[in-house]
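Trainee: Please find the sequence and the predicted model below.
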Amino acid sequence: MKIIFHHSICTFFTLLILSLSGCITGDSGSHNPKLESTISVAFLRFGDNLTIDLQSIPDPLSLDAQVDDQGFISLRYIGKIKAVDLTASELASKIKQTYLDKKIYTDIDISVTLADRFVYVGGEVRQPGRVPWSTDLTMTKAITLAGEFGLYAKKDGVILNRDNGSYTFDAKLALRKPIEDPKLLPGDRISVPRSTF
């Protein structure tokens, strides 16, 4: 009985030491969500602002349009056209064909120009609003461009909304480990919640 008891105590202390060492290492097992990184930014995305020029018609036009949250733009005479996941040139061809098919114009040239792209940072940051998007923009860089975290920011609960998905990130982890700092896409929305204490 004494041997069994001694063995149990050894096992208990071994497990205790292992669990404490796990606590000491901290976030070694923590990870932020992994987001799709193969999406091509050449394709139009939700929230993109476009300038659409209609030429070779009696009264040439230049129209502004925005890709809505359903992925469509709306143009006069032809209504809604799906734009998301097309390139600017593919959308131009689609608009042209729609005008011709509906016999609104017999000849027309279309060009689509993509305006500057942005991400949006709100909540507990010092300067909430639009941040210019670039190919190397990450979540923490966008927060920095929005004036850094506010005094009461919940840094381990940053919410990233992309298309129809919502993801929660630990920005403190992202600052320590750049691999955990997600790259942003145009139209992404970051919200920094307020800490409860």
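Mentor: Nice, thanks for sending it over.
Trainee: rest of the way, CA atoms for contacts and neighbours
Mentor: Noted.
Trainee: Could you say which helix or strand holds residue 141?
Mentor: Element membership of residue 141 [criterion: DSSP states H and E] is helix 139-145.
Trainee: tell me the domain ranges of the protein?
Mentor: Per automatic domain parsing, the domain ranges recorded for the chain read 49-114, 117-192.
Trainee: Which of those domains sits closest to residue 30?
Mentor: domain 117-192 (8.1 Å; Cα to Cα).
Trainee: End to end on that closest one, go ahead and measure it.
Mentor: 21 Å (Cα to Cα, to the nearest Å).
Trainee: What of stretch 159-172?
Mentor: Terminal-residue distance, stretch 159-172 (Cα to Cα): 13 Å.
Trainee: Give me the distance from it to the chain's centre.
Mentor: 8 Å (Cα atoms, centre = their mean, to the nearest Å).
Trainee: Buried residues in that stretch, which are they?
Mentor: Residues 159, 160, 161, 162, 163, 168, 169, 170, 171, 172 are the ones in stretch 159-172 that count as buried (16 or more other Cα atoms under 10 Å).
Trainee: Restricted to strands, list these.
Mentor: 159, 160, 161, 162, 168, 169 (DSSP state E).
Trainee: Next up, the contacts around the nearest residue to the first one once chain neighbours are set aside.
Mentor: If I follow you right, that is residue 159. The shortest distance from residue 159 to any non-neighbouring residue, by Cα to Cα, 6 or more residues apart in numbering, is to residue 168 (4.5 Å). Contact analysis of residue 168 by Cα atoms under 8 Å, 6 or more residues apart in numbering lists 32, 33, 157, 158, 159, 160.
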